[in-house]
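A.B. asks: For reference, the sequence and a predicted model appear below.
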Amino acid sequence: MIKKVKSITKALTSFAMSKSTSIWQFKTLHQLRFKFAALKHGIELNTSGQSTLFNLRRNIHRLEKGLSYPVAKEVFAEDYIVETIQFLKSAISKDVIDDDTLNWAISVLKLYFKTVKLSDKLKLIKNDFEQISSSFDYVNSVPYHSSTRPPITVNYEDLLSLSVRRRSVRYFHPEPVDIELVRKAYEIAKYAPSACNRQAFQFLFYNEKTIVDKLAAIPGGVSGYSLPSIMVVLGRYDGYFDVRDINAPVIDSSLSIMSFLYAAETLGMGTVCINWPNLPDREAQLRKVLNIDKSEIVVMMIGLGYPLDDGKIPFSAKRPNKSALLFNERKKLSE
Ligand SMILES: Cc1cc2nc3c(=O)[nH]c(=O)nc-3n(C[C@H](O)[C@H](O)[C@H](O)COP(=O)(O)O)c2cc1C
């Protein structure tokens, strides 16, 4: 009898647990619906041939990696070379390709066809490529030896002092920042790493007071200070074809953001990241102010301005290295 009661209790407990888990899951899905909808729309755009530029960039990157092997394989990329030429053709005909991507794609494809052993099938694909590319002048943009990179002119101490100096600034002169400085800072941000070199994100800069004030009022993290200029960073899911990459645009854009913050600091600007909460009402409000595609998500906003000399900066003590950076620890394997 006691055994029976115990097993009934166990069954009821597990039912209650699963019920609460599913309620939790339902609430979470509901709250994150913009994000999931963006992922779904992005994947649809990507896989229906409407996102050729990101797919082209990914494949050219894959080709370049193959061409960078110490000894290139005689044959590789057979499973995606046809679609790569299709992506190139489509990006050119839709006029969505920029000069840098075009130079890069043509140079890498030329090198690819020069390097691999040409089967009859590859010869046909090569002809197709030559017809598409013959009318373009291009600047050769192919893999190069590590030793030919520009020399390091920034030393460790310089970088350390920049890291220590860059702190979140919240008190600014009222005038918006100069657009040219923002361009210069982005010039540095664009060299950040990104998944398969897609760079599936966009930085939207605003310095008109009406819109800046409207934007600053939405996320909720800007109380007690005002921003002269704002950057809204969007992640683009049309760069991706699978749910597994849900984090990729966030990671990629955040890496660029960090470079941007450092660059802004060297140019005399102060910056503060502004959290973008995953709250449907905020998403809806923002989408009333900005034209954001269904396949895009907001990663964060960045407030920018010229720091007030007497504006206070929170000390923001950092965690000690020993708690955040571990060496050869947390291993489960004994050897
Ligand atoms: C993703 C993210 C969201 C943030 N959101 C806000 C925010 O909404 N409002 C704000 O004043 N600061 C915000 N910050 C700034 C942090 O408070 C700040 O980076 C942190 O306290 C460390 O200080 P430091 O940047 O001066 O080193 C955010 C920073 C990050 C990276």
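C.D. replies: Looks like it arrived, so ask away.
A.B. asks: drop to CA atoms for contacts and neighbour counts, all remaining ones
C.D. replies: OK.
A.B. asks: give me the element residue 234 is part of.
C.D. replies: According to DSSP states H and E, residue 234 maps onto strand 229-236.
A.B. asks: Extract the CA atoms of that strand and return them as PDB.
C.D. replies: C-alpha atoms of strand 229-236 as PDB (Å, rounded to 0.1, in the frame of the first residue of the first chain):
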ATOM      1  CA  SER A 229      23.700  60.300 -30.700                       C
ATOM      2  CA  ILE A 230      22.700  56.600 -30.900                       C
ATOM      3  CA  MET A 231      23.800  53.600 -32.800                       C
ATOM      4  CA  VAL A 232      21.300  50.700 -33.100                       C
ATOM      5  CA  VAL A 233      22.900  47.400 -33.900                       C
ATOM      6  CA  LEU A 234      20.800  44.900 -35.800                       C
ATOM      7  CA  GLY A 235      21.600  41.200 -36.400                       C
ATOM      8  CA  ARG A 236      20.400  39.700 -39.700                       C
END
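A.B. asks: What pairs with that strand, parallel or antiparallel?
C.D. replies: Sheet pairing of strand 229-236 (DSSP bridges) gives strand 201-206 (antiparallel), strand 296-305 (antiparallel).
A.B. asks: so how far is the last one from its chain's centroid?
C.D. replies: Mean-position distance between strand 296-305 and its chain equals 12 Å (C-alpha atoms, centre = their mean, to the nearest Å).
A.B. asks: quick one: contacts of the strand holding residue 234?
C.D. replies: If you take C-alpha atoms under 8 Å, 6 or more residues apart in numbering as the criterion, strand 229-236 is touched by 42, 176-177, 200-209, 212, 215-216, 249-250, 253, 295-305.
A.B. asks: Next secondary structure after that strand?
C.D. replies: helix 248-266.
A.B. asks: Contacts made by that next one with the rest, please.
C.D. replies: So helix 248-266 is contacted by 162-163, 166, 181-182, 184-186, 188-195, 199-202, 233-237, 270-271, 299 (C-alpha under 8 Å, 6+ apart).
A.B. asks: Can you check what pLDDT the model gives residue 333?
C.D. replies: For residue 333, the model assigns a pLDDT of 83.
A.B. asks: So it lies in a strand, does it not?
C.D. replies: No: using DSSP: H, G, I helix; E, B strand; the rest coil, the secondary structure at residue 333 is coil, not a strand.
A.B. asks: Ends of stretch 313-333, what's the gap?
C.D. replies: End-to-end distance for stretch 313-333, by C-alpha to C-alpha, to the nearest Å: 45 Å.
A.B. asks: what about that stretch and the ligand, touching?
C.D. replies: Yes: contact of stretch 313-333 with the ligand (C-alpha under 6 Å from any ligand atom) involves residue 316.
A.B. asks: from the middle of its chain, how far away would that stretch be?
C.D. replies: Counting by C-alpha atoms, centre = their mean, stretch 313-333 is centred 25 Å from the centre of its parent chain.
A.B. asks: Just the buried subset of the contacts of strand 229-236, please.
C.D. replies: 42, 176-177, 200-203, 205-207, 209, 212, 215-216, 249-250, 253, 295-305 (16 or more other C-alpha atoms under 10 Å).
A.B. asks: Can the strand holding residue 234 be said to contact the ligand?
C.D. replies: No: applying C-alpha under 6 Å from any ligand atom, one finds strand 229-236 separated from the ligand by no less than 11.4 Å.
A.B. asks: when you compare where that strand runs with where helix 248-266 runs, what's the angle?
C.D. replies: 150 degrees (axes from the mean of the first three to the mean of the last three C-alpha atoms, to 10 degrees).
A.B. asks: Next, the buried residues of strand 229-236.
C.D. replies: 229-236.
A.B. asks: What is the nearest of those residues to the ligand?
C.D. replies: In terms of C-alpha to the nearest ligand atom, no member of the buried residues of strand 229-236 lies closer to the ligand than residue 233, at 11.4 Å.
A.B. asks: which ones are touching the nearest residue to the closest one once chain neighbours are set aside?
C.D. replies: Leaving aside its chain neighbours, residue 233 sits nearest to residue 203 (4.6 Å; criterion: C-alpha to C-alpha, 6 or more residues apart in numbering). By C-alpha under 8 Å, 6+ apart, residue 203 lies in contact with 231-234.
A.B. asks: now residue 141
C.D. replies: Taking C-alpha under 8 Å, 6+ apart, one finds 103-104, 107-108 in contact with residue 141.
A.B. asks: So it: helix, strand or coil?
C.D. replies: For residue 141, the secondary structure call by three-state DSSP comes out as coil.
A.B. asks: Tell me how far it lies from residue 256.
C.D. replies: According to C-alpha to C-alpha, residue 141 and residue 256 sit 22 Å apart.
A.B. asks: and if you look at residue 81?
C.D. replies: Going from residue 81 to residue 256 by C-alpha to C-alpha gives 29 Å.
A.B. asks: before we move on, what SS does the residue of the stretch 1-150 of the chain found nearest the ligand have?
C.D. replies: As assessed by C-alpha to the nearest ligand atom, the ligand sits closest to residue 35 within the stretch 1-150 of the chain, at 16.5 Å. In three-state terms, and counting by three-state DSSP, residue 35 is helix.
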